[in-house]
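>>> build me a model:
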Amino acid sequence: MRGEDILDILLDVEWVVGSFVADAAGQLLVYQMPPEFGEAELKRTTVRLASIMRCAELCELGVEQCALSLNRYQLLMSRFRNGFLCVMVEAPVNRRALDMATRIALDSLPALVDSLASSAPVSEHTKAERSLLQALEPDARSPSSEPEPIPEPERATEAAPAEGAAAAASSAELGAGLSGRGNVSGASAVPGSITGAVAAEPRKLEDDRLN
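Have a look, this model is predicted:
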């Protein structure tokens with residue numbers, strides 16, 4: 001049975017607006033929806049629903065059916081072996097007739113999904129899996145969270161020459177101080193020369209006496 005034929009069974013129920021089918025990874029396979037619901041919006045919806053079910057499984061919660069309220073519509077999701085079926089309805093829908101039509105559709109959908117999956121291009125599956133991973137891990141779409149190295153301030157780099165200049169100035173002052181101290185210690189020889197002159201004075205007196 002073709003996908004359109006299966007979804008026609010659901011459209012025969014009064015107040016059913018439309019329906020669509022996706023595989024377990026969230027790839028949209030077949031749909032019958034009003035024109036205001038575009039294919040791009042439906043693809044985003046199936047990926048999000050697949051991520052919700054995946055999160056429920058990680059929390060060890062079994063989700064077989066769920067209902068979402070969308071303004072005046074309700075989106076009823078039913079899982080099967082390798083995918084899920086979504087039916088959009090309005091409030092006055094006959095639940096008993098809808099449940100019967102849904103069971104008939106669910107009996108035929110696993111084989112339909114298998115046939116569509118085997119004939120689908122590999123690139124489409126890769127794209128769907130990438131979208132699912134991005135939905136499960138939102139940080140994967142953002143750049144790396146590693147902190148960027150903080151550049152050193154320019155003043156820090158200019159401080160090295162300043163310190164070198166200060167060190168050179170200190171060395172010059174220290175050299176000058178040492179040189180000054182050398183002069184002082186050299187001046188200590190002056191008293192020695194004075195002492196030598198004083199020591200030579202008695203010899204001159206003795207020579208005068210001898211004369």
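
>>> can you map out the strands along the protein?
Using DSSP state E, the strands of the chain run over residues 16-23, 28-32, 65-70, 73-80, 83-90.

>>> tell me the strands beside the last one, with direction?
The one in question is strand 83-90. Paired neighbours of strand 83-90 in the sheet (DSSP bridges): strand 16-23 (antiparallel), strand 73-80 (antiparallel).

>>> same thing with the third one?
For strand 65-70, sheet partners with direction are given as strand 73-80 (antiparallel), following DSSP bridges.

>>> tell me the mean pLDDT over the strand it pairs with?
Per-region confidence: strand 73-80 scores 95 on mean pLDDT.

>>> same deal with stretch 95-109?
For stretch 95-109, the mean pLDDT works out to 95.

>>> buried ones in it?
Of the residues in stretch 95-109, those buried under the neighbour-count criterion (16 or more other CB atoms under 10 Å) are 98, 101-102, 105-106, 108-109. Every residue, glycine included, has its C-beta placed from N, CA and C.

>>> same thing with stretch 77-85?
Residues of stretch 77-85 classed as buried by neighbour count (16+ other CB under 10 Å): 77-80, 83-85.

>>> contacts for it?
Under the criterion CB atoms under 8 Å, 6 or more residues apart in numbering, residues 19-24, 29, 49-50, 53, 63-68, 86-87, 102, 105-106, 109-110, 113-114, 117 lie in contact with stretch 77-85.

>>> buried members of the residues you listed into ChimeraX, please.
For the buried members of the contacts of stretch 77-85, the matching ChimeraX selection, counting by 16+ other CB under 10 Å, is:
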select :19,20,21,22,23,24,29,49,50,53,63,66,86,87,102,105,106,109,113,117
